[in-house]
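Chemist: After the sequence you'll find the predicted model.
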Amino acid sequence: MANQLTRMNFAILQRNSLLLLMSLLTTFAIQANTSIAADPLPTDPQPADNLPAGTLRAGIIGCDTSHVPAFAKLLNAERGDDDPLAGVRVVAAFPGGSDDIASSRDRVEGFTEQLREMGVEIVPTIAELLQRVDVVLLESSDGRKHLEQVRPAIEAGKPVFVDKPFAASVADAVKIFELAEKHDVPIFSSSVMRFMPEIAAANSNPAIGDIVGCDAYSACTLDPTHPDLFWYGIHGVETLFTVMGPGCERVSRTHTDGTELVTGVWKDGRIGCFRGIRDGRHSFGALVMGSKGIKHLKRTGSYDPLVAEIVKFFQSGKPPVSAGETLEILAFMEAAEISKMENGRSVNIQEVLDDARQ
């Protein structure tokens, strides 16, 4: 009998201990769940947490150009509130890259590592990038990819700066601008040459007067994946349009292995030329003819003027270059491509634009 009572007491003790343990576990689980719901732990790094109030978080798409570390260094430097480069910080980047372009394939890893060393978070997809940023710099050197890469950014409502080339065809460029207009998202593109101080001030230079003509020049290396001038000649073509303004009607081109000479005739009868340099020293500038004088303008300075315009654009939402002018620049270059294929025939720019919109 005593043994039976002992066994019963032991069983009761076991049951009570088990009940107590279950009660404690339940209480702990409730408290834990309440804690998680009230104060969730971050699952990803949040590099923007320590940014000054009002700072825009920027994300980079494509890390295969030297512009990427250069722009990031300028934007992420400590600056005073009144500095024109203050107010935007690069916090994340998607490397991208193109295997069929040597300069992309061979450099993307190195430029990505430079960003990582600056504390920029490297993410595996554009979708993840867009979750972390307010604005986007599309830096991929491959213009063929720009439409597919910019689409999710525009659809997410993120203002975008698109580095050169804006696209690899006028047709793609038209689609990008139409998409941006549909979603009411500001977007712009420009070569650094547009904002070089002497170039930018050409139209207000009293020593030049009214612009009557311009011979712009730049390096013009080629890549077989892009129309000839889209790859690097864009710098000189943008210089030409910065000085002359929009309004070019027709284009003809002379091509040799070492040189491009593209002549544009504007609606008011003025003539502007672009000389693309492959043989000899590569440089950037323009000879500007005016009503009061002729002036040789050269590239001076660094990327600061362009990056300052990008910051202003992100903060204001107002593009410093219109969609119409960017499309005309691209149509000028595509017309030059057609002219080359047709032995220098003069090509109408409006026809190129009309074909791209069909």
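Modeler: Thanks, I have it. Because the structure is a prediction, the values reported are computed rather than measured.

Chemist: So what's the residue count around residue 171?
Modeler: The burial metric for residue 171, expressed as a neighbour count using other C-beta atoms under 10 Å, is 17. C-beta coordinates here come from the backbone N, C-alpha and C atoms, glycine included.

Chemist: surely it meets residue 356?
Modeler: Yes. Applying C-beta atoms under 8 Å as the test, residue 171 and residue 356 come out as touching, 4.4 Å apart.

Chemist: how far is stretch 347-358 from where the chain is centred?
Modeler: 25 Å (C-alpha atoms, centre = their mean, to the nearest Å).

Chemist: no wait, stretch 95-108
Modeler: Centroid displacement of stretch 95-108 relative to its chain, using C-alpha atoms, centre = their mean, is 16 Å.

Chemist: residue contacts, the closest residue in space to residue 236 that isn't next to it in sequence?
Modeler: Taking C-beta to C-beta, 6 or more residues apart in numbering as the measure, residue 236 lies nearest to residue 218, with 3.1 Å between them; neighbours along the chain are not counted. Applying C-beta atoms under 8 Å, 6 or more residues apart in numbering, we find residue 218 in contact with 193, 232-233, 235-236, 239, 274, 276-277, 282-285.

Chemist: Buried subset of these as a PyMOL selection?
Modeler: What follows is the PyMOL syntax selecting those of those that are buried according to 16 or more other C-beta atoms under 10 Å:
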select buried, resi 193+232+233+235+236+239+274+276+277+284+285
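
Chemist: For residue 161, state which of the contacts of residue 218 is nearest.
Modeler: Set against residue 161, the nearest of those by C-beta to C-beta is residue 193 (15.5 Å).

Chemist: Tell me if the closest one really is in a helix.
Modeler: Yes. Remark: residue 193 belongs to a helix, assigned using DSSP: H, G, I helix; E, B strand; the rest coil.

Chemist: Could you check the pLDDT of it?
Modeler: Residue-level confidence at residue 193 comes out at 97, pLDDT.

Chemist: Kindly report the same for the one 3 residues further on.
Modeler: In the predicted model, residue 196 carries a pLDDT score of 96.

Chemist: What is the neighbour count of it?
Modeler: Residue 196: 24 surrounding residues under other C-beta under 10 Å.

Chemist: By mean pLDDT, point me to the weakest helix or strand of this protein.
Modeler: Every helix and strand of the chain was ranked by mean pLDDT, DSSP states H and E. The lowest is helix 2-38, at a mean of 38.

Chemist: What is the nearest of the contacts of residue 218 to residue 351?
Modeler: Distances from the contacts of residue 218 to residue 351 were compared by C-beta to C-beta; the smallest belongs to residue 274, at 19.6 Å.

Chemist: That closest one looks like it's in a strand, true?
Modeler: Yes. Checked against three-state DSSP, residue 274 lies within a strand.

Chemist: quick one: contacts for residue 266?
Modeler: 244, 247-249, 272.

Chemist: Actually, residue 305.
Modeler: Applying C-beta under 8 Å, 6+ apart, the residues contacting residue 305 are 192, 195-197, 200.

Chemist: Tabulate those in a markdown table, adding columns for distance to residue 329.
Modeler: Supplementary listing: those in a markdown table, determined by distance: C-beta to C-beta, whole Å:
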| residue | distance to residue 329 |
| --- | --- |
| 192 | 14 |
| 195 | 15 |
| 196 | 16 |
| 197 | 21 |
| 200 | 16 |
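
Chemist: For residue 146, which non-adjacent residue is closest in space?
Modeler: Closest residue to residue 146 in three dimensions, ignoring its sequence neighbours and counting by C-beta to C-beta, 6+ apart: residue 167, at 5.1 Å.

Chemist: List only buried entries from the contacts of residue 305.
Modeler: Buried positions within the contacts of residue 305, assessed by neighbour count (16+ other C-beta under 10 Å), are 192, 195-196, 200.

Chemist: Closest one to residue 184 out of those, please.
Modeler: Ranked by distance to residue 184 (C-beta to C-beta), these are led by residue 195 at 25.7 Å.

Chemist: any idea how far the closest one is from residue 336?
Modeler: Distance of residue 195 to residue 336, given as C-beta to C-beta, to the nearest Å: 24 Å.

Chemist: ok, now residue 50?
Modeler: Residue 50 is 48 Å from residue 336, by C-beta to C-beta.

Chemist: and what of residue 83?
Modeler: 39 Å.

Chemist: With residue 65 instead?
Modeler: Following C-beta to C-beta, the distance that separates residue 65 from residue 336 is 23 Å.

Chemist: coming back round to it: let's have the buried ones among the contacts of residue 305 in TSV, adding distance to residue 327.
Modeler: As requested, the buried ones among the contacts of residue 305 are exported to TSV (distance: C-beta to C-beta, whole Å):
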residue	distance to residue 327
192	20
195	20
196	22
200	21
